[in-house]
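Chemist: Sequence below, structure please.
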Amino acid sequence: MAQDYYSVLGVARNASEAEIKAAFRKLALKHHPDRNPGNKAAEEEFRRANQAYETLSDPQKRRLYDQFGEAGVSGAGAGAGPFGAGGFGGFGQSADMSDVFEDFVESIFGASGTGGGGRRGSHRGRDLKYETEISLEQAFHGAQIPLSFERLEVCQTCGGTGAKEGSGLKRCGQCRGSGRVQLSQGFFSLSQTCPACRGEGQIIENPCRTCRGAGRSRKEAKLTVKIPPGVYDGATLRISGEGEAGARGTASGDLYVLVRVKTDPRFERTEDDLISERGINIAEAAVGSSLEISAVDGERLTIKIPAGVQHGAMLRVRGQGMPKLHGKGRGDLLVRVKIEVPKSLTPHQEKLLLELARSLRGEEATGASANGSARRDETHAKDDGGIFRKIFGKE
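Modeler: Residues are numbered from 1 along each chain as shown. Here you go, the predicted structure:
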């Protein structure tokens, strides 16, 4: 009778590869014959699960199955399974099954069955992470930052061998130097890391007193890391080989330095651009003015404020921002204009502003104000900004 492979694994037809794999692992551990000796029903469930997984884990077979059903993959090897002509080897023909094997071996032999270690050469040193904080000026110019931290380093006494001076290493008697042992239970057999030598193939006869056979000891490391100009907050620098030393001559790990850039009260940073906010009064906004500001590198710059500038306007000074970390040149400096309205006025300033307000509304002044305005128009015909200078003491 035809069977639905998706239903066998208990997944949806649009299930991802990870979901299919996880479903099969669960069924394989539950129904494996070595965990259910003599249970024909469990044996059949395991066979069906393996058959379904072998098809759905292969993208090409899965496409054929989705289009033509079981008939589409009947000639592609599906269903050989662990109990077919290929014996247990059929189980190994499925997609990457190493983690399923390891889970199953651990359930049968216990955690010690793996020996607690990886394959020979897998003892690369651990990567380390360090966080440092710099100022915006340091991010602009670049910096040399001293670091101090603890890490495992090669033991200077034994040179990393773990053996006492004058002694050496001998071949492991359990794995005969191969670093691997064969584990068997029933018809199930799997090669695993040797628990005696942890995959090294050699055993220390007399351990080093300094590192007690580990070949490494914990020490304080001091080094200087170069921060490139233009580095941004949250950037991570990788320093190859500056992590912890590997076991018995294997490669050291790497050091990852997370850079934090302190907030600067003068500037707001947006990628390579810097934003500075500067306040001007309403008269300067109306008639125009100029500002002197300091760039991040200390250079004094004069910024021209155009007449009629609006609150929140951005004035761009090209090439005065941060250095570009992954390119040439610099970003821009943006000056955000903040128009400040005075909170208190002198009587004279208030009178002049009221006169200006009437003028802007198109109202004609009366009496002395009108005569004064007429005289002012004659005297300062070419100085439209005179009233603002009077109001704020610029004249």
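Chemist: For the stretch 201-350 of the chain, which segments count as helices?
Modeler: 282-287, 347-360 (DSSP state H, counting those that start in this stretch).
Chemist: Can you tell me which of those helices is most buried?
Modeler: helix 282-287 (a mean of 20; mean count of other C-beta atoms under 10 Å). No exception for glycine: its C-beta is placed from N, CA and C like everyone else's.
Chemist: quick check: mean pLDDT across that helix?
Modeler: Mean pLDDT, computed over helix 282-287, is 86.
Chemist: Put the alpha carbons of that helix into CSV.
Modeler: What follows is helix 282-287, C-alpha atoms only, in CSV (Å, rounded to 0.1, in the frame of the first residue of the first chain):
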residue,chain,number,x,y,z
ILE,A,282,15.3,85.0,14.6
ALA,A,283,17.1,88.0,13.2
GLU,A,284,20.1,85.9,12.0
ALA,A,285,17.7,83.5,10.5
ALA,A,286,15.8,86.2,8.6
VAL,A,287,18.7,88.3,7.3
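Chemist: Quick one: list the elements packing against that helix.
Modeler: Under the contact criterion of 3 or more C-beta pairs under 8 Å, 6 or more residues apart in numbering; DSSP states H and E, helix 282-287 touches strand 333-340, helix 386-391.
Chemist: And Leu147, how close does it get to Glu19?
Modeler: According to C-beta to C-beta, to the nearest Å, Leu147 and Glu19 sit 43 Å apart.
Chemist: Could you count how many residues lie near Leu301?
Modeler: Neighbour count of Leu301, defined by other C-beta atoms under 10 Å: 14.
Chemist: That one pairs with what?
Modeler: Beta-bridge partners recorded for Leu301 (DSSP bridges): Ile293.
Chemist: Report the contact partners of it.
Modeler: Glu292, Ile293, Ser294, Ala295, Val317, Gln320, Leu333 (C-beta atoms under 8 Å, 6 or more residues apart in numbering).
Chemist: who's the fifth one bridged to?
Modeler: Think Val317. Leu333.
Chemist: Please apply the same query to Ile275.
Modeler: Glu268, Leu334.
Chemist: Let the chain start at 10 from now.
Modeler: Sure, I'll start counting at 10 from here, so that last one is Ile284.
Chemist: Let's see the pLDDT reported for it.
Modeler: In this prediction Ile284 is given a pLDDT of 94.
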